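Quick one, structure for this:
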Amino acid sequence: MTPSSHPPPRTRLFRGWFVVAGAFAVTLVGFSSAYTFSAFLESLQRDFGASRGSVSLVFSLAGFLYFGLGVVSGPLADRWGARRLAVAGMVLVGLGLAAAGQARSLNQVCLAYGLGVGLGVGASYVPVLGAVQRWFVKRRGFASGMAVSGIGVGTLVMPPLASLLIEALGWRHAYLALGVLAVVVGAGMALLIEDDPRHRGLGPDGDPPQPQAPSAVPAGSTLRDAIRSRRFAGLYAACLISSFGLFVPFVHLVPYALDHGLPPGSAVLLLGAIGIGSTAGRFFLGGLADRLGRQLALPLMSAGMALSLVVWAVSSGFWGLAAFAFAYGAFYGGFVALLPALVMDCFGGRSIGAILGVLYTSVAFGTLVGPSAAGFAFDLSRSYMLPILASIGANLVAAGVLVAMSKARTGARPGPQGTVGNEPTHAQRP
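Presented below is the predicted three-dimensional model:
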């Protein structure tokens, strides 16, 4: 008798949720290391005598790398497994933060932080998201939302922690402390990542695999077929356009609040409000979209981000900015949670890591340009109004592209096993 011929009885807690927990920790450590940057911006600007646009380039480089490298880490995860890449990525994040604390120039900070955090998150993010998709079908949106809710929790917890560490230890030792935390928590929890429920004698959602049931790694489109489809082109265009403004609040909301007279403690709390909203959006909007249909829910997330940015444009006090931060975080969190699940719906699991990796290069280019351009725009005009308005327009255009994509009939070509990757699964239908 072998485990594959007689699968074990279903346990109380499905192993897939341990995979989700590992992905949660990886996204928490990786992205919170990036999103605490706003708490360090004023210290870096003061100590190195740099402009706001120049300091913002540090974040933009890291963002470009951690989204752009998915095109490499995704296929590597399909071949080597997500766990190895996730552990290596978390170690790189820790080393990058520690090295940034030793930097003696802004260029050295850019290299240490940009390369360390950028390469580390880039090596781990797409692989762990791809792994989670394979463990679930019926609750894929909810599971994906839980996995990436680590980003929201990290945005809630880590910026205030970073602010306290900066106040108590100085920004250099604060980076060292965060680096140690990244290695201990991130690399340790990454060991929970597993690629394939079949290795445990299970099917997706913990159901016993049956001869007539689909494989735990479902057939679907190859990378080549996927990127030649109209549906992928629509997703890529929408993500590229949206991402020009997607991360502007993460870098510039705290400086904006300080410019309007808010005390540093209150300003940093605004990032926490984004984190609270983001966590709520990932949990509740991801699960809701499983019932309503993810193809229609995703453009609603972009439209919601645009509407919330209007609140930022007309607010200067704490409560108005906090309302913006929570609403923006919720729709941003929903967007991030739904995107990989929708990709799985459209193209199947055969090359999910590679497809996600190519798709996230769109976000990489937008992240490289958006936050730094907003900083330079402020340096020239002493106002954030133009970047905010540009972000509103970008999200509205992205929502329109996603709506048009959802109505497209032509998608990925059939794979060799006869499946059409962009046909909706039962989990996608309302």
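
Which residues belonging to whichever helix or strand residue 403 is part of are considered buried?
Using DSSP states H and E, the element containing residue 403 is helix 385-406. Of all the residues in helix 385-406, those buried under the rule 16 or more other C-beta atoms under 10 Å are 387-388, 390-392, 394-399, 401-403, 405-406. In this view, the C-beta of every residue, glycine as well, is placed from N, C-alpha and C.

Test my guess that residue 125 contacts residue 63.
No - counting by C-beta atoms under 8 Å, residue 63 is not a contact partner of residue 125; they are 11.3 Å apart.

the more surrounded of the two?
Ranked by neighbour count (other C-beta atoms under 10 Å), residue 125 and residue 63 place residue 63 first, with 32 against 29.

Distance-wise, check the more buried one relative to residue 285.
As judged by C-beta to C-beta, to the nearest Å, residue 63 and residue 285 stand 23 Å apart.

now residue 346
19 Å.

Those two - which one has more neighbours?
residue 346 (28 against 23).

Residue 223 versus the more buried one, what's the distance?
Residue 346 is 13 Å from residue 223, by C-beta to C-beta.

and what of residue 102?
Distance from residue 102 to residue 223, by C-beta to C-beta: 40 Å.

more neighbours, those two?
Taking neighbours as other C-beta under 10 Å, residue 102 and residue 223 compare with residue 223 leading, 21 against 12.

Relative to residue 121, how far out is that one?
Distance from residue 223 to residue 121, counting by C-beta to C-beta: 22 Å.

same check, this time on residue 157
Distance from residue 157 to residue 121, by C-beta to C-beta: 17 Å.

Strands of the stretch 251-400 of the chain, residue ranges please.
Using DSSP state E, counting those that start in this stretch, the stretch 251-400 of the chain contains no strands.

Which of residue 157 and residue 121 has more residues huddled nearby?
With neighbours defined as other C-beta under 10 Å, residue 157 and residue 121 compare such that residue 121 has more, 31 against 15.

Just the pLDDT for the more buried one.
We note a pLDDT of 90 for residue 121 in this prediction.

One more: residue 207?
Looking at residue 207, its pLDDT stands at 68.

Number the chain from 25, please
Sure, I'll start numbering at 25, so the last one becomes residue 231.

Quick check, central residue of this structure?
Here the mean C-alpha position of the chain is nearest to the C-alpha of residue 360 (C-alpha atoms, centre = their mean), at a distance of 5.7 Å.

Please name the nearest non-neighbouring residue to that one.
residue 172 (5.2 Å; C-beta to C-beta, 6 or more residues apart in numbering).

thought that neighbour was touching residue 51?
Yes - the pair residue 172 / residue 51 is scored as a contact, 5.4 Å apart, by C-beta under 8 Å.

Which secondary structure element is home to the residue lying closest to residue 256 once chain neighbours are set aside?
Using C-beta to C-beta, 6+ apart and skipping the chain neighbours, the partner closest in space to residue 256 is residue 250 (5.2 Å). Residue 250 is part of helix 247-251, with elements assigned from DSSP H and E.
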